[in-house]
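1. I would like to see how this sequence folds:
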Amino acid sequence: NYIGLTEPPEEIYGKTMSIPDTLTEKYLRLVSGLEGKQLEPILAMKPRDAKAALARRLVNRLHGEEAASRAEADFVSQFVRKEIPDQKEEHEIEGPTDIVSLLVATGIASTRGDARRLAEQGGVRKNGEKVEPTATAAAGDVISARRRHVLLK
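-> Sure, this is the predicted structure:
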């Protein structure tokens with residue numbers, strides 16, 4: 001559970017949101033710059049809201065308010081609303097291809113077994129819809145997994 005201080009704002013925000021709920025208070029005390037009574041309102045929040053406040057504050061301290069706003073909006077769009085971002089990686093394919101092979105070819109998964117498990121656990125989407133390991137994709141589809149989005153061409 002580390003968050004690199006030189007990482008892009010979106011990475012810092014996302015990694016902060018993924019810390020375990022049990023570590024939120026510790027992170028707040030160590031990196032928020034807040035003390036005592038200043039922390040009380042944040043600590044009283046639901047864990048997700050407290051982490052969002054921490055993430056925004058941390059990105060603001062490292063990259064500025066504008067970057068914090070962008071990172072928060074990007075996170076909400078991608079992970080709360082499940083929207084596909086405008087900027088996507090591109091990957092060329094010959095024709096319809098199975099999802100497992102695509103995940104390995106694009107580097108999203110390191111092995112076919114890893115790709116299969118990822119799809120079985122519901123971690124792979126095609127055009128925003130969850131897919132099984134037996135699914136195929138073709139040119140024009142967008143494959144999303146592990147915070148990456150790949151447009152097939």
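
2. Just say helix, strand or coil for Glu90.
-> Using DSSP: H, G, I helix; E, B strand; the rest coil, the structure places Glu90 in strand.

3. Over the longest helix that the chain contains, what's the mean pLDDT, rounded is fine.
-> The longest helix of the chain (DSSP state H) is helix 47-63. In this model, helix 47-63 carries a mean pLDDT of 95.

4. residues of the following helix or strand past it that come out buried?
-> For helix 47-63, the following helix or strand on the C-terminal side (DSSP states H and E) is helix 65-75. Within helix 65-75, the residues that count as buried by 16 or more other C-beta atoms under 10 Å are 67-68, 70-72, 74-75. Every residue, glycine included, has its C-beta placed from N, CA and C.

5. what do you get for stretch 24-32?
-> Across stretch 24-32, burial judged by 16+ other C-beta under 10 Å covers 24, 27-28, 31-32.

6. Show me what the longest helix of the chain is packed up against.
-> helix 9-17, helix 24-31, helix 40-43, helix 65-75 (3 or more C-beta pairs under 8 Å, 6 or more residues apart in numbering; DSSP states H and E).
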